[in-house]
Every structure is written in structure tokens, then in C-alpha cells.
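Novice: coords please:
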Amino acid sequence: MNFDQNFLQNFESGELPEKDFDHAAHVWVTWYYLSHFNFPDAKNKVRSGIKNFLKVKKLDSSIYNETITVVFIHLIEVARRSHANEHLTWDQFKASHSELFYKKNSPLFTYYRLETLQSKEAKLTFVTPDLRPLPRF
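Specialist: Predicted coordinates:
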């Protein structure tokens, strides 16, 4: 997949095909926003962008999970800041942080029980980790 300004524009407008907004695309959009905006603004852009994408595509909004979204934004920022002086490209970032792309052994499970992440509360609001605190950045 070619992640670029055109991809971002298509995501933001909802013109991106649903099949193209996979986990890697979620991570790229988050990485891009974090690289171009301060953390609070980037976080809001990711959250609202995903919700808008679901709305425009007429997808079930219940698939959105606030806790998972916020934790991934946090973990991507931690990873990004670990290279603050290096200004990694997307390909370098992806190669350096392959753990962010694991599905079976997601880094989420370092901080949360599956039951917690699947709860109604976690889908609607951010729930603090129940296994260990998130790393600081």
C-alpha cells in the first residue's frame, strides 16, 4: 500500500475503499498525524477521523473501540519519541516497531486483559490499563 498525501486525503474524505483501511493504515494515519501535529490535536484527529470514516462508509459504529484507539495512539507516540532525534521515515519506523503490527501478540495485551478491551465501557470511553500502566513519553 502506498501511504501518502493522497491516501490521507481519501481517508479524511471517506473516499478510501474500506478494504484499504486495515491495521497498518490505522498505524500510518496515526504516525502521520503525530508527526505533523501536537499530541492532543493528533489524538483528536485520529479519533474523529476513524469515527468519520465509519460514518461515511455506513459501517456499524459499534466496531469503534475508544480504549484500543487511544492506547495505540499512545504507544505509537512512545515509539515515535524513542527516535526523536532521528526523524525516521515511515518505512524506518515500521521496521523499528514491528510489534505495533502484531495481531496475535498485540502490545495491547501487555496492558489489558482481553475481557477489559471487549467491554462496553472500553468501547465507549478510555479505560485505564488493568495489567500494568502504559509507558510514559
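
Novice: Give the residue farthest from the middle of the protein.
Specialist: Distance from the centre of the chain peaks at N85, with 22.3 Å (CA atoms, centre = their mean).

Novice: Show me where the chain has its helices.
Specialist: Taking DSSP state H, the helices of the chain run over residues 5-13, 23-36, 39-56, 66-81, 90-96, 108-111, 114-117, 120-124.

Novice: what's next to the first one, contact-wise?
Specialist: If I follow you right, that is helix 5-13. 1, 15-16, 20-21, 25, 28-29, 32, 49, 52-53, 56 (CB atoms under 8 Å, 6 or more residues apart in numbering). (Each C-beta comes from the backbone N, C-alpha and C, glycine too.)

Novice: Selection in PyMOL covering whichever of those residues are buried, please.
Specialist: In PyMOL syntax, the buried subset of the contacts of helix 5-13 is picked out as below (16 or more other CB atoms under 10 Å):
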select buried, resi 16+21+25+28+29+32+49+53
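
Novice: Quick one: the contacts of helix 5-13 as CSV, columns for pLDDT and distance to A95 too.
Specialist: Listed next are those as CSV, based on pLDDT from 0 to 100; distance: CB to CB, whole Å:
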residue, pLDDT, distance to A95
M1, 75, 15
E15, 96, 29
L16, 96, 24
D20, 96, 21
F21, 95, 22
A25, 96, 17
W28, 97, 13
V29, 98, 18
Y32, 97, 17
G49, 97, 25
N52, 96, 30
F53, 96, 27
V56, 95, 32
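
Novice: Now distance to Q9 too, for the contacts of helix 5-13, in TSV please.
Specialist: Shown next, in TSV, are those (distance: CB to CB, whole Å):
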residue	distance to Q9
M1	15
E15	8
L16	9
D20	13
F21	13
A25	13
W28	13
V29	11
Y32	11
G49	12
N52	13
F53	13
V56	13
